[in-house]
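Peer 1: task: produce atomic coordinates for the following.
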Amino acid sequence: MRTFARRPVHAVVVVLAVCASVLLATTNASASPLSEGRLPTFGKAIEGYAPYQPQLTCSAGAQKGAVLMSRWLLKRYPGSSSSGIMRGCTVGSRSEHKDGRAFDWHVDFRTKKGKAQGLAFLNLARATDRYGNQHAIARRLGIMYIIWNDRIYSASNGFHARPYRNGACPPGPLSKCSSTLRHRDHMHISLGWSGAKAVTSFFDGTVAGVTFGPRPVLNQVKHPVVTVRVPATEKLVHTEFALRKGTKYRLVATGYYRAAAGTRLADAGCSWRNDNDLGWSPQAQQTTSTTKLKLRVGTSAGWAPARGLGRCDTTSHTYVWDYTPSVTAPMTLSIDDGLLTNNSGGLTLRVLRAGASTAAYTTTVPAAPKAPTTAYSAPSGPELTAPETVPVDAVHGGRSAGWLRAGQPYTLTVSGTWRAGEGLLADAECTKAPTGQWALQRSSDPLHPALDSYDLFANGTAVVPDVAGCQSSHTYTYTYVPAQDTRLSLAVWDTASSDDSGALAVQVEPRVS
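Peer 2: Numbers count the residues shown, from 1 in each chain. Sure, this is the predicted structure:
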C-alpha cells in the first residue's frame, strides 16, 4: 500500500492529543499494560492473519486501536516518536491513513537507535509464542502489513519480507527516492479493521473474528456486473462492497473446483458422487448437510441450475440465485468444505441486477478425453490359429502372442472383474459403485458425465458384445474382425488409471466358418 509524505508534526500532535483525551476519559489507562508499554498476558487462543482490507472510505479521526498501538509503541521504545495517523482524504491515493488505521512510527533505520528499536519490534511482532503460534503479536494486534526500509511484511504473505518500492519514487535506483517514500525514516503499520477497532486479544483479551469497516453499497448503475473470485482453498472471502438490505440481486456462479483427489469435483450447486449412481447431485456424498461443498453466501446456498432440466447444470456449471439480503453488509462467501488443504481451483461469482440475463455466463471445460488409440501391431511370430488366453492388466493392457489375419472373424470371450479405483468394481462392460448397482454406462470424468468409460477396447476400438447388457457372470463374448494383419492389443478404458488394479482374462479364438 502506498504512503506519501508525512503530515506536519503540529497537526499530528493535535490529532493524537484529541484521541488520547477521549480514551483517557473512558479508560483507566494507568492500570493497563498497554499504557506502560508492557505485553498483556495471553492464552493459547489466537486470531488468524488479518485479511487485506484496503481503505475505501475516509474518517474524521483515528481509530481506537491505532491510537492505543501508537501510545504503546512510544512507551515501550523510549525516544521514538510519532509521524502521525491521519491523512486528508484528498491527499495522494488509497491509504489506511485516510480511515485512521495506519500509524507512521518515527524509527529511523539510518540511526543506530532507530534501527535497533525498529528491529526489536519487528522481531517481537513476528516471533513464535510459547504456545507455538507464529507471528503471535502481529496477529494479536491485527496488523495487516508493515513497511520499513524498502521492505513490506504482509499478513497475507506470512509476514515474510518482500522488496517494496513506492509508486511515487522516480524511475531508476532507489537511491533517487526520498527516505520518507522508502520508509527508511519511519515504519508504516496498517491495521485490519479488527485491530483498528481494538477488538483483538492484544487490546481487550478476547480473540476476534474478522471485523469490517465501512464498505460502500454497490452502485449497480455504475457497476451492473461485479465479479468476485472464490478460491477453493480460502476459508472466507469478503466483498469490498456491501449489498443493500431488501434489494434483490441476481447472483451467477460459474466454474468448478477439485474437492479431493480423483473424481471429487464440485461446482457452486452440485458435486460429483462416486459412491453411488447419482453422478452430479445437489446432495454431497456421506453427509446430510444441504450446503456441503456448495458456494455459500453467509450460511446459505440457494442455487438453481441456469441450464438443463435437472437439479444440476452438468454442462456449463452455471447457477443462479435471486438473492435479497436481510441486512446492509458485505457478502461473506465460502465453500462449505471442512478440509480445504486438498482443494484446488475455485468458483467465480457475479453480482448482477435483478432479472438480468445469464446467457453470457458459462464455464469452460477441457475437451473430452480420447479413448485408447492403441495402434495396430505389425504381425510377428506365428499366426493365431488355436485359442489363446490373453491377460489384460487394468493399467497396462495386454497383447496376443499370435497375430490375427485381416478379414478373419475371431471370438473374444472375456471374463473376470477389475478395480477402477475409488471403490468402483468393473468387468468388460459394466461397473458398480460402492452403494450402487451394476450399470452399463458410467463416466470416469465428471466434466463429461455422458462419457462411456470402463469398456474393453481392441486395437483402439470399443468392441460390442454379442449379447447386450450387464452379465451377472461377468463373462461376455465379442466378434472381432481385424482390418489388417495384426497382433491383438487389448485395454480397458479409464481416464485416470493410476489407481486401477486387477486384470481380465480374454480368450481369443478363430471362428470356424
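
Peer 1: pLDDT weak spots in the protein?
Peer 2: Scanning the chain for pLDDT under 70 picks out 1-31, 374-375, 513.

Peer 1: swap in 80 and give it another go.
Peer 2: Applying pLDDT under 80 to the chain picks out residues 1-31, 208-215, 308-309, 372-378, 513.

Peer 1: can you map out the helices along it?
Peer 2: 9-26, 64-76, 112-126, 136-141, 193-196, 201-204 (DSSP state H).

Peer 1: CA atoms of the last one as PDB?
Peer 2: Taking Å, rounded to 0.1, in the frame of the first residue of the first chain, the C-alpha atoms of helix 201-204 are listed here in PDB:
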ATOM      1  CA  SER A 201      -6.800 -10.200  22.100                       C
ATOM      2  CA  PHE A 202      -4.000  -7.600  22.300                       C
ATOM      3  CA  PHE A 203      -6.400  -4.900  23.300                       C
ATOM      4  CA  ASP A 204      -9.400  -6.500  25.000                       C
END
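
Peer 1: tell me which other helices or strands it touches.
Peer 2: Helices and strands touching helix 201-204, by 3 or more Cβ pairs under 8 Å, 6 or more residues apart in numbering; DSSP states H and E, are helix 136-141. (C-beta placed from N, C-alpha, C; glycine too.)

Peer 1: ok, and what's touching the helix it packs on?
Peer 2: 39, 42, 46-50, 65, 69, 124-129, 133, 146, 155, 159, 191, 195, 200-202 (Cβ atoms under 8 Å, 6 or more residues apart in numbering).

Peer 1: neighbours around the closest residue to residue 452 other than its chain neighbours, how many?
Peer 2: Once flanking residues are discounted, residue 452 sits nearest to residue 441: 5.0 Å by Cβ to Cβ, 6 or more residues apart in numbering. By other Cβ atoms under 10 Å, 14 other residues sit near residue 441.

Peer 1: will you turn the helices of the chain into JSON lines that also has mean neighbour count?
Peer 2: JSON lines is the format used below for the helices of the chain (neighbours: other Cβ atoms under 10 Å):
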{"stretch": "helix 9-26", "mean neighbour count": "14"}
{"stretch": "helix 64-76", "mean neighbour count": "22"}
{"stretch": "helix 112-126", "mean neighbour count": "17"}
{"stretch": "helix 136-141", "mean neighbour count": "24"}
{"stretch": "helix 193-196", "mean neighbour count": "28"}
{"stretch": "helix 201-204", "mean neighbour count": "21"}
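
Peer 1: closest one to residue 86 among the ones you listed?
Peer 2: Judged by Cβ to Cβ, the one of those that comes nearest to residue 86 is helix 9-26, at 5.0 Å.

Peer 1: which one, of the helices of the chain, ends up nearest to residue 282?
Peer 2: Residue 282 lies closest, by Cβ to Cβ, to one member of these: helix 193-196, at 35.1 Å.

Peer 1: could you list every helix and strand in contact with that closest one?
Peer 2: So helix 193-196, by 3+ Cβ pairs under 8 Å, 6+ apart, packs with helix 64-76.

Peer 1: contacts for the helix it packs on, please.
Peer 2: Residues contacting helix 64-76 (Cβ under 8 Å, 6+ apart): 16, 19-20, 23, 34-38, 80-82, 85, 100-103, 105, 121, 141-142, 189, 191, 195-200, 203.

Peer 1: before I go, just wanted to say thanks for your time.
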